[in-house]
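# Attaching a predicted model along with its sequence, questions to come.
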Amino acid sequence: MPVGATGTTELRRLRNYIAGEFRDAADGRTTEVVDPATGEVYATAPLSREADVDAAMAAAAAAFPGWRDTTPAARQLALLKIADALEARGEELLDAECRDTGKPRELTASEELPVMIDQLRFFAGAARMLEGKSAGEYMDGMTSFVRREPVGVCAQVAPWNYPMMMAVWKFAPALAAGNTVVLKPSDTTPASTVLLAEILGSVLPEGVFNVVCGDRDTGRLMVEHATPAMASITGSVRAGMEVAASAAKDVKRVHLELGGKAPVLVFEDADIAGAVEDIAVAGFFNAGQDCTAATRVLVHESVHDEFTAALAKAAAETKTGPGEDDALYGPLNNAGQLERVAGFVERLPAHAKVEAGGHRVGERGYYFAPTVVSGLKQDDEIVQNEVFGPVITVQSFADEAQALQWANDVEYALASSVWTKDHARAMRLSKSLDFGCVWINTHIPLVAEMPHGGFKKSGYGKDLSAYGFDDYTRIKHVMTAL
């Protein structure tokens with residue numbers, strides 16, 4: 001049992017991590033943590049409020065000067081040690097993550113754990129790659145140079161769909177750049193983040209990394225606190241808008257990775273069988289609880305029926321549910337999310353057709369069947385709004401212009417993909433699609449070296465890559481008279 005948890009295996013008690021020690025909430029309040037595979041409470045976590053947030057911010061502020069002044073080489077070494085420790089304690093992390101999320105263990109072990117360790121090692125290298133303009137005389141008698149500095153204390157809020165990997169996306173670039181961190185996990189998935197605090201605490205100086213558990217109000221207190229210089233959140237559009245509004249009161253820097261409604265454009269010359277196979281995985285993986293999920297398919301009318309029938313067959317063959325050892329995905333994260341996803345299907349208009357799924361799986365846990373819906377119009381609710389569940393919609397388009405128009409005709413702008421053998425068409429669309437990422441003949445792969453982030457209501461700022469690293473730095477011009 002990790003240091004951050006106490007109690008029996010029947011009911012664990014998770015704790016905050018502040019100034020190098022584990023603590024309960026100052027007023028003793030807790031929230032229940034539910035196993036989504038069973039719907040049963042298995043742990044409690046602190047319901048943090050002002051006193052807890054104040055303590056965490058004070059610890060991060062006190063630690064900032066020392067961490068800021070460490071050399072890039074020292075920060076790199078610390079992140080490499082953390083990556084090694086995560087690798088060594090991978091089974092414990094998987095235990096915590098899979099209990100909180102219900103994810104299939106083997107898939108989490110192969111698709112998430114190695115990726116987050118690789119991302120940590122990438123940002124360890126980035127710590128030593130801070131760049132600025134070379135010194136020079138841009139005015140007679142004056143020499144200028146640029147300093148790239150950490151922004152300060154970072155308030156970070158991670159989501160419940162990838163709790164431990166999104167925590168890495170938050171703290172790795174922040175720490176690499178010399179910032180200190182107060183991180184809040186989702187109230188439904190705090191366990192792996194508490195374990196991460198234990199691991200990071202064994203490497204980092206006291207106060208550099210702090211974890212505060214709690215609910216939406218806890219996150220609001222963090223963002224509105226006077227100490228942080230930056231607020232970073234991965235979450236819903238609603239949450240992002242609230243964070244931006246709160247941060248505006250004292251002009252905090254804001255980093256937002258919000259929702260998505262990825263268009264998937266399939267043309268008549270695409271490899272239909274291959275596209276169906278890949279799109280089904282990209283749409284249903286993690287129960288569709290992914291901002292980049294391939295959930296909105298636009299198919300050329302000449303292959304629409306063939307594609308839809310094949311996708312429905314793939315959905316019917318996709319496994320989920322309790323006891324399915326080879327399932328592609330597990331339950332939805334919580335009861336509210338199950339209700340939300342089911343509601344989209346229940347409210348479908350008369351012209352829509354459920355080709356596969358459309359129902360809950362089992363009576364225990366929050367499982368929902370792989371679902372395909374066709375016959376939809378562009379202004380239908382399920383086309384315009386993010387479902388965040390294992391539901392793929394299919395629409396038929398007549399030509400490239402219509403496909404592009406419909407693809408861009410949503411409020412989200414995070415990710416998209418184009419499936420065609422026509423290179424010129426792929427290049428035209430990659431230019432015109434108004435999304436932060438365009439995949440061609442694939443959907444959903446991410447690498448540490450390339451940026452992830454969107455436009456419009458999908459937010460601003462980048463995760464991963466040197467661009468994500470830059471977001472956690474500030475630029476200072478220094479000029480001296482010769």
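Right, received. Where do you want to start?
# from here on, contacts and neighbour counts on C-alpha atoms
Fine.
# Please look at Ala466 and Ala124 and confirm they touch.
No - the pair Ala466 / Ala124 is not scored as a contact, 11.5 Å apart, by C-alpha atoms under 8 Å.
# higher neighbour count, the two?
Ala124 (28 against 20; other C-alpha atoms under 10 Å).
# mind listing what the closest residue to the more buried one other than its chain neighbours touches?
Ranked by C-alpha to C-alpha, 6 or more residues apart in numbering and with sequence neighbours excluded, the top spatial neighbour of Ala124 is Gln76, at 4.3 Å. Taking C-alpha atoms under 8 Å, 6 or more residues apart in numbering as the contact definition, Gln76 lies against Phe123, Ala124, Gly125, Ala126, Ala127, Arg128, Ala176.
# Gln76 and Asp95: what is the separation?
Separation of Gln76 from Asp95 (C-alpha to C-alpha, to the nearest Å) stands at 28 Å.
# which ones are touching Glu268?
Counting by C-alpha under 8 Å, 6+ apart, Glu268 touches Val299, His300, Ser302, Val303, Thr420.
# I meant Tyr366, not that one.
Residues in contact with Tyr366, defined by C-alpha under 8 Å, 6+ apart, are Pro36, Ala37, Thr38, Gly39, Pro331, Leu332, Asn333, Asn334, Ala335, Leu338, Arg360.
# One more pass at 7 Å, please.
Contacts for Tyr366 (C-alpha atoms under 7 Å, 6 or more residues apart in numbering) come out as Pro36, Ala37, Pro331, Leu332, Asn334, Ala335, Leu338.
# How about Lys421?
Counted by C-alpha under 7 Å, 6+ apart, Lys421 has contacts Asp269, Ala270.
# quick one: it from Gly375, how far?
Using C-alpha to C-alpha, one gets 26 Å for the distance from Lys421 to Gly375.
# swap in Arg89?
Distance from Arg89 to Gly375, by C-alpha to C-alpha: 48 Å.
# for Lys261, same thing?
Distance from Lys261 to Gly375, by C-alpha to C-alpha: 18 Å.
# what does Ser458 give?
In terms of C-alpha to C-alpha, Ser458 sits 26 Å off from Gly375.
# which one of the two has more residues nearby?
Ser458 (26 against 15).
# Report pLDDT for that one.
Ser458 carries a pLDDT value of 97.
# now Ala5
Residue-level pLDDT assigned to Ala5 equals 60.
# and what of Glu10?
pLDDT at Glu10 comes out at 68.
# where does the stretch 101-250 of the chain dip in pLDDT?
Judged against pLDDT under 70, the stretch 101-250 of the chain has no low-scoring part.
# That one: strands as residue ranges?
Taking DSSP state E, counting those that start in this stretch as the criterion, the stretch 101-250 of the chain carries its strands at 136-139, 142-150, 153-157, 180-184, 209-211, 230-234.
# so can I have a markdown table of these showing distance to Gln289?
Output for the strands of the stretch 101-250 of the chain, formatted as a markdown table (distance: least, C-alpha to C-alpha, whole Å):
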| stretch | distance to Gln289 |
| --- | --- |
| strand 136-139 | 49 |
| strand 142-150 | 32 |
| strand 153-157 | 17 |
| strand 180-184 | 19 |
| strand 209-211 | 24 |
| strand 230-234 | 13 |
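# Output those strands as CSV; include the columns mean neighbour count.
As requested, the strands of the stretch 101-250 of the chain are arranged in CSV below (neighbours: other C-alpha atoms under 10 Å):
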stretch, mean neighbour count
strand 136-139, 12
strand 142-150, 17
strand 153-157, 29
strand 180-184, 29
strand 209-211, 29
strand 230-234, 24
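# Identify whichever of the ones you listed lies nearest to Gly66.
Gly66 lies closest to strand 180-184 among these, at 9.9 Å (C-alpha to C-alpha).
# any idea which element Ala56 lies in?
Following DSSP states H and E, one finds Ala56 within helix 50-68.
# Could you give me the buried positions within the helix or strand following that helix?
Later in the chain than helix 50-68, the nearest helix or strand by DSSP H and E is helix 72-88. Using 16 or more other C-alpha atoms under 10 Å as the test for burial, helix 72-88 gives 72, 74-83, 85-87.
# Now for those residues: which two are most distant?
Farthest pair in the buried residues of helix 72-88, by C-alpha to C-alpha: Pro72 and Glu87, 22.6 Å.
# so what's the residue nearest the centre of the chain closest to, chain neighbours aside?
Central residue check for the chain by C-alpha atoms, centre = their mean: the C-alpha nearest the mean position is that of Met166, 4.9 Å away. Distance criterion C-alpha to C-alpha, 6+ apart; nearest residue to Met166, sequence neighbours excluded, is Ala158 at 6.0 Å.
# Report how many residues lie close to that neighbour.
Burial measure for Ala158: 27 neighbouring residues, criterion other C-alpha under 10 Å.
# Val168: what's it in contact with?
Residues in contact with Val168 (C-alpha under 7 Å, 6+ apart) are Met116, Leu120.
# ok, now which ones touch Met116?
Met165, Val168.
# can you do 8 Å?
With C-alpha under 8 Å, 6+ apart, Met116 has these contacts: Met165, Val168, Trp169.
# Repeat that for Phe397.
With C-alpha under 8 Å, 6+ apart, Phe397 has these contacts: Leu298, Val299, His300, Glu301, Ala403.
# and the second one, that's in a helix?
No - counting by DSSP: H, G, I helix; E, B strand; the rest coil, one finds Val299 to be strand, located in no helix.
# Just the C-alpha atoms of stretch 288-308, please, in PDB.
The C-alpha trace of stretch 288-308 is given here as PDB (Å, rounded to 0.1, in the frame of the first residue of the first chain):
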ATOM      1  CA  GLY A 288     -14.400   6.900 -26.300                       C
ATOM      2  CA  GLN A 289     -13.300   9.000 -23.300                       C
ATOM      3  CA  ASP A 290     -10.700  10.800 -25.300                       C
ATOM      4  CA  CYS A 291     -10.800  14.400 -26.700                       C
ATOM      5  CA  THR A 292      -9.200  13.100 -29.900                       C
ATOM      6  CA  ALA A 293     -11.400  10.000 -30.300                       C
ATOM      7  CA  ALA A 294     -12.600   9.200 -33.800                       C
ATOM      8  CA  THR A 295     -16.200   9.700 -33.100                       C
ATOM      9  CA  ARG A 296     -17.600  11.800 -36.000                       C
ATOM     10  CA  VAL A 297     -17.100  10.000 -39.300                       C
ATOM     11  CA  LEU A 298     -18.000  11.700 -42.600                       C
ATOM     12  CA  VAL A 299     -18.000   9.100 -45.500                       C
ATOM     13  CA  HIS A 300     -18.400   9.700 -49.200                       C
ATOM     14  CA  GLU A 301     -21.800   8.700 -50.400                       C
ATOM     15  CA  SER A 302     -20.500   6.100 -52.900                       C
ATOM     16  CA  VAL A 303     -19.000   4.000 -50.000                       C
ATOM     17  CA  HIS A 304     -21.300   5.100 -47.200                       C
ATOM     18  CA  ASP A 305     -23.400   2.000 -47.000                       C
ATOM     19  CA  GLU A 306     -20.400  -0.400 -47.300                       C
ATOM     20  CA  PHE A 307     -18.500   1.500 -44.700                       C
ATOM     21  CA  THR A 308     -21.400   1.800 -42.200                       C
END
